[in-house]
Each structure stands twice: as structure tokens, then as C-alpha cells.
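J.: Here is a sequence together with a model predicted from it:
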Amino acid sequence: MNRRIALAAAGVAMAIGAPTAGAQEPDGMDLHLPYNEFTLPNGLRVIVHEDRSVPLVAVNLWYHVGSRNERPGRTGFAHLFEHLMFEGSENVPEGRFDELLEAAGGVNNGSTSPDRTNYYETLPAHALELALWLEADRMGGLLPAMSQAKLDAQRDVVKNERRQSYENRPYGLAYETILAELYPPNHPYHWPTIGSMADLDAATLDDVLSFFRTYYAPNNASLVVAGAVSAAEVREFAEKHFGAIPRGPEVPPVAAPPAALDGDRRRVLEDAVQLPRLYMAWHSPASFAEGDAELDVAATILADGKASRLHRRLVYELQIAQSVQAFQNGGQLGSSFFIVVTARPDVPLSRIEQEVRDELAAVARGVEAREVERARNKIETSFVDGLQDVGGRADRLNLYAFYTGDPGFVVRDLARYRAVTAKSVSDAVRTYVAEAPAVILSVVPKGRTELAAGGER
């Protein structure tokens with residue numbers, strides 16, 4: 001893989017201490033994201049990536065708050081704010097945020113995870129100041145526009161989302177059930193990002209306002225602007241619109257007690273489904289930690305594509321499964337490795353589990369170099385595809401800044417996968433999966449508990 005890929009305009013100056021623009025991945029691939037970086041006096045970290053190949057700009061704002069920053073009894077706040085942030089701020093009435101961006105030819109959205117919340121826009125470069133003004137207004141001016149009526153309305157929206165995506169969706173409660181078994185009740189990954197119905201009902205306006213004051217401040221955020229811009233231009237607009245927003249309080253540290261399984265934990269859910277489905281989940285290394293890349297590669301070897309081991313065995317040869325998934329579910333406080341198999345009608349999940357365990361044992365004994373190379377090619381292709389537009393690059397820079405502290409981590413990130421070997425993959429699978437305890441969840445059609453893997457305990 002000696003393809004040379006230039007993903008940014010040549011000659012863009014990089015911040016002091018940032019990786020060298022010409023740094024190369026070991027096999028000669030030239031993959032880099034040049035950037036400038038500065039921090040406003042109020043603590044807002046600003047990262048600028050210049051690419052004038054198209055007249056577009058991406059604005060990507062990460063607040064370093066997710067469901068992990070909540071506490072038992074008060075969950076779902078970070079995701080609730082993903083909704084509230086679009087409901088009007090001090091100078092932008094309800095509905096005008098989208099209207100102004102759409103009139104300028106832009107698109108926008110947001111998302112919440114256990115670790116962070118992000119808001120992002122892509123629009124013509126000449127409209128950059130509009131996007132920055134809008135983001136600054138809701139960072140500094142959301143509270144004056146907040147009301148009990150807005151909270152109640154968006155709480156109902158989120159509760160309906162929970163009904164649609166969790167309670168009333170086939171297999172919808174699976175991941176929530178698994179998280180509750182993987183992590184103890186006081187661990188910040190124990191609850192789902194959307195929160196619980198009871199906690200959403202219990203949230204008061206004072207609770208919500210206090211949460212915003214603590215976490216939605218410039219010193220707990222990072223802003224990336226990527227595209228047809230200059231660092232000087234971004235600095236001017238950032239100082240103009242964000243500079244007057246005061247720092248927030250120091251963000252409380254997240255306490256994460258040890259999370260470990262002392263043995264397999266089995267759960268059974270009866271659901272309105274036609275096909276039984278098996279979920280297996282293990283604790284695994286945190287994002288970017290040693291072993292994380294190996295398990296990404298292992299997931300690809302196991303279940304990505306028709307030539308993958310589990311698909312070939314379960315779907316093609318034995319014909320006992322409809323589909324197979326495997327993935328490393330990364331997080332800053334620790335990750336989880338998942339295997340999910342949807343069985344064919346009436347196939348007992350105990351048989352599925354045994355076949356999965358047999359294949360894991362085989363991988364732990366050894367994989368072939370060509371399997372690793374094929375998996376690495378797939379990962380690299382996906383990796384590069386995600387950097388083809390300025391929005392993807394902006395989010396990647398913010399991701400690196402948050403998880404590693406280094407926005408220019410892209411060279412080292414790809415190098416992690418180039419360093420993976422057949423032995424390191426087998427060692428990781430043996431250590432974290434094949435010989436480790438798991439949460440094993442069987443989701444079966446109502447009244448068909450005999451299809452569960454090992455029963456409930």
C-alpha cells in the first residue's frame with residue numbers, strides 16, 4: 001500500500017509542537033492533516049485546517065461532555081441538550097438557527113456519545129462568520145432563552161425517541177441491557193446515552209440549567225474550522241464572537257470505578273421478534289490504548305464481509321445465521337468488544353455461541369498474515385474515505401484533540417494499524433476475548449426461551 005494521499009493544501013503553516021506536515025507513515029504513505037491552533041483567554045481551543053480545493057468550510061464544535069458526566073438518577077442530560085441547543089438562544093429565536101444556515105446553503109446536525117457532544121455545520125466559505133456567530137450565541141446565550149416550556153417540549157421529544165428506538169424497536173433494549181451488566185451501577189458507562197424514562201421525568205429546570213453552566217463553557221470545548229479559510233480569519237471571528245463568553249467552572253473529574261467481570265453473565269430478553277439474536281460483549285482496551293487497533297483488525301477478520309471467518313462459517317457453510325457483526329466499541333474510559341449474530345428461525349443460540357467460541361479459539365491460536373493484510377486494507381480504505389471531505393477532517397481533528405491531546409495524531413493513528421501483526425492480533429483476542437468472561441445476551445421471540453444460550457441467571 002504505497003498510495004500517496006495528500007489531504008490538505010501544501011504550505012499551510014502548522015502550530016508549534018504539531019506534527020510535521022511531511023511526516024510519513026512507515027510504508028511511504030503521505031497522510032497528514034496540517035493545522036494551526038490557538039487558545040482564547042477564556043479557554044476555548046481553536047484548530048484550523050486550511051484546504052482551498054473547494055469553496056466550503058466545516059465548523060465542528062465538541063463539548064467535552066457526554067452521558068459519562070451524568071450521575072445515577074440524573075441521566076440523559078447530555079443528549080437532552082443536543083435537542084435543547086436547537087430550540088433558540090438569546091439572539092436566535094426558535095427555528096431561526098436552521099433557517100439562517102439553510103438560507104446560506106448550509107447543513108448542520110449534532111450527536112451525543114458517552115464521552116462527548118458535537119455540533120457541526122458545512123456551508124459555503126463566505127458564510128463562515130454566520131456559523132461561528134450561531135454557535136457562539138448558543139454557547140453564551142442559551143440560558144437566557146431557556147424556559148420550563150422548552151424543557152418540557154424537548155423532554156417529550158426525547159421520551160418519544162426512546163420509545164421508538166428502545167422500548168418499541170425490535171432488539172431495542174439489547175445494548176442497554178448489556179451495558180448494565182458490563183459496568184457496575186456507579187460506573188459512568190452503566191447507563192445509555194439517552195437516559196432512562198424515570199430520570200427524564202425527574203429532571204427539573206434547575207437541574208438542567210446547572211448541568212449547562214458546568215459543562216457548556218468555552219474552557220470545556222474545542223472548535224475546529226476546516227476548509228477554504230485562513231487561521232487569521234478564524235482567529236478574528238473566534239475572538240469577536242466567542243471571546244466575551246466567560247470561562248465556566250472547572251469541570252468535575254469523572255470517577256470510573258474498576259469494571260471487570262468475574263465470570264460470564266447471561267441474560268435473556270423475550271421480544272416481539274421473529275429471529276433469535278445472540279450478543280456477546282467483553283471488556284477491552286480504551287480507544288487508542290495498546291490492543292485497541294488489534295481488536296479492530298480482529299473484528300474485521302471475524303465478521304467484515306463474506307470472506308470473514310464467522311460469516312463464512314455461520315452464514316455460508318452451516319447456514320444457521322442470517323447475519324454476523326463484530327466491532328470494537330471504543331471509549332475513553334474503556335471499550336467493549338462485541339459479536340452479534342442473528343440466527344435463522346428456530347436455531348438455538350447455544351449452537352451459535354459454541355460456533356463463535358470455537359472460531360475465537362482458532363483466532364487465538366493464530367491467524368494468517370494475509371487475513372491481517374486484508375483487514376488492514378479495509379480499515380485503511382474506510383479511514384481515508386472518512387477524510388475526503390472537510391466535514392470528516394474537521395471531526396477527525398477534534399476527535400484526536402479530545403482522545404489523544406494531539407490534533408495531528410493522524411500519522412500515528414494509521415501507524416498503529418500498520419504495526420499490527422498476526423501474532424499481536426491472536427494475542428489480543430486470546431487476552432481480551434477468547435479466554436475472558438463475557439456478557440451473553442439472548443434475545444428470543446416471546447415464549448421461546450428454549451432458544452436462549454444457556455438460559456437466564
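T.: Noted; the coordinates are in hand.

J.: any weak-confidence spans in this structure?
T.: 1-30, 455-457 (pLDDT under 70).

J.: Give me the contacts around the helix or strand containing V224.
T.: Assessed by DSSP states H and E, V224 sits inside strand 221-227. Around strand 221-227, the neighbours that count as contacts under CB atoms under 8 Å, 6 or more residues apart in numbering are 44-52, 54, 56-64, 125, 128, 132, 135, 139, 234, 238, 242, 390-391, 393-395, 397-398, 401-402, 407. Yep, even glycine has a C-beta here, placed from its N, CA and C like the rest.

J.: what about burial for those residues, which qualify?
T.: Among these, those classed as buried by 16 or more other CB atoms under 10 Å are 44-51, 56-64, 125, 128, 132, 135, 139, 234, 238, 242, 390-391, 393-395, 397-398, 401-402, 407.

J.: before we move on, the earlier item: among the contacts of strand 221-227, which ones are in helices?
T.: Cross-referencing the contacts of strand 221-227 against helices under DSSP state H gives 128, 132, 135, 139, 234, 238, 242, 390-391, 393-395, 397-398, 401-402.

J.: what's near enough to touch G391?
T.: A58, N60, Y120, T122, A226.

J.: Considering those, which is situated nearest to V268?
T.: Nearest to V268, judged by CB to CB, of these is Y120 at 39.7 Å.

J.: Quick check: bridge partners of the nearest residue to the closest one once chain neighbours are set aside?
T.: In this structure, Y120 finds its nearest non-sequential neighbour in N60, 4.6 Å apart by CB to CB, 6 or more residues apart in numbering. In this entry, N60 is beta-bridged to Y120, V224, by DSSP bridges.

J.: Can you give the domain ranges for the protein?
T.: 36-242, 265-451 (automatic domain parsing).

J.: Can you give me the end-to-end span of the longest one?
T.: By CA to CA, to the nearest Å, the extent of domain 36-242 from end to end equals 18 Å.

J.: Going by distance to G248, which of the contacts of G391 wins?
T.: Once CB to CB is applied, the member of the contacts of G391 that ends up nearest G248 is N60, at 20.1 Å.

J.: State the distance from that closest one to V107.
T.: Distance, N60 to V107, using CB to CB, to the nearest Å: 13 Å.

J.: what does R309 give?
T.: Counting by CB to CB - R309 and V107 are separated by 39 Å.

J.: These two - which one has more neighbours?
T.: R309 (21 against 12; other CB atoms under 10 Å).

J.: Wait, the more buried one touches I301, no?
T.: Yes. Judged on CB atoms under 8 Å, R309 makes contact with I301 at a distance of 6.2 Å.

J.: Now do the shared contacts for the two.
T.: V363.

J.: Closest to the centroid, which residue in this protein?
T.: Taking CA atoms, centre = their mean, the centroid of the chain lies closest to S113, which sits 5.7 Å from it.

J.: Any figure for the gap between it and E82?
T.: With CB to CB as the criterion, S113 and E82 are 10 Å apart.

J.: do the same with P348
T.: Taking CB to CB, one finds P348 at 40 Å from E82.

J.: What of P124?
T.: Counting by CB to CB, the gap from P124 to E82 is 25 Å.

J.: Same question for A153.
T.: Counting by CB to CB, the gap from A153 to E82 is 14 Å.

J.: So which of those two has more stuff around it?
T.: E82 (19 against 14).

J.: about what we covered before: quick one: which of the contacts of G391 is nearest A293?
T.: N60 (24.2 Å).

J.: is it true that R74 touches S210?
T.: No. Using CB under 8 Å, R74 is not in contact with S210; the gap is 9.8 Å.

J.: between those two, which one's more packed in?
T.: Neighbours around R74 and S210, counted as other CB under 10 Å, are more numerous at R74. The numbers are 17 against 13.

J.: Enumerate every residue touching that one.
T.: D199, A202, A203, D207, F211.

J.: which two of those residues lie the greatest distance from each other?
T.: A202 and F211 (13.1 Å).

J.: Those two: who's more crowded?
T.: With neighbours defined as other CB under 10 Å, A202 and F211 compare such that F211 has more, 19 against 13.

J.: For the nearest residue to D427 once chain neighbours are set aside, give its distance to A419.
T.: Excluding the flanking residues, the one nearest D427 by CB to CB, 6+ apart is E294, at 7.5 Å. In this view, E294 and A419 are 9 Å apart by CB to CB.

J.: now do F212
T.: 42 Å.

J.: Pull the distance from stretch 81-96 to the chain's centre.
T.: The chain centre lies 24 Å from the centre of stretch 81-96; the measure is CA atoms, centre = their mean, to the nearest Å.

J.: should've said stretch 432-452
T.: How far stretch 432-452 lies from its chain's middle: 25 Å, per CA atoms, centre = their mean.

J.: Which residue ranges of the stretch 101-250 of the chain form helices?
T.: 128-141, 148-162, 174-182, 197-202, 205-215, 231-242 (DSSP state H, counting those that start in this stretch).

J.: Format these as CSV; extra columns: distance to L318.
T.: Listed next are the helices of the stretch 101-250 of the chain as CSV, based on distance: least, CB to CB, whole Å:
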stretch, distance to L318
helix 128-141, 52
helix 148-162, 37
helix 174-182, 23
helix 197-202, 40
helix 205-215, 49
helix 231-242, 56
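
J.: so which of the ones you listed gets nearest G248?
T.: helix 205-215 (6.5 Å).

J.: Tell me what angle that closest one forms with helix 128-141.
T.: 120 degrees (axes from the mean of the first three to the mean of the last three CA atoms, to 10 degrees).

J.: in the stretch 1-150 of the chain, which spans are strands?
T.: Along the stretch 1-150 of the chain, counting by DSSP state E, counting those that start in this stretch, strands occupy 36-39, 45-50, 56-63, 107-112, 117-124.

J.: Could I get the buried residue list for the shortest one?
T.: By neighbour count, and taking 16+ other CB under 10 Å as the criterion, the buried residues in strand 36-39 are N36, E37.

J.: Which strands or helices does it pack on?
T.: Here strand 36-39 touches strand 45-50, helix 231-242, going by 3 or more CB pairs under 8 Å, 6 or more residues apart in numbering; DSSP states H and E.

J.: again, 7 Å this time
T.: strand 45-50 (3 or more CB pairs under 7 Å, 6 or more residues apart in numbering; DSSP states H and E).

J.: what's next to the strand it packs on, contact-wise?
T.: The contact list for strand 45-50, computed with CB atoms under 7 Å, 6 or more residues apart in numbering, reads 8-9, 12, 33-40, 222-226, 229-231, 234, 238, 393-394, 397, 401, 407.
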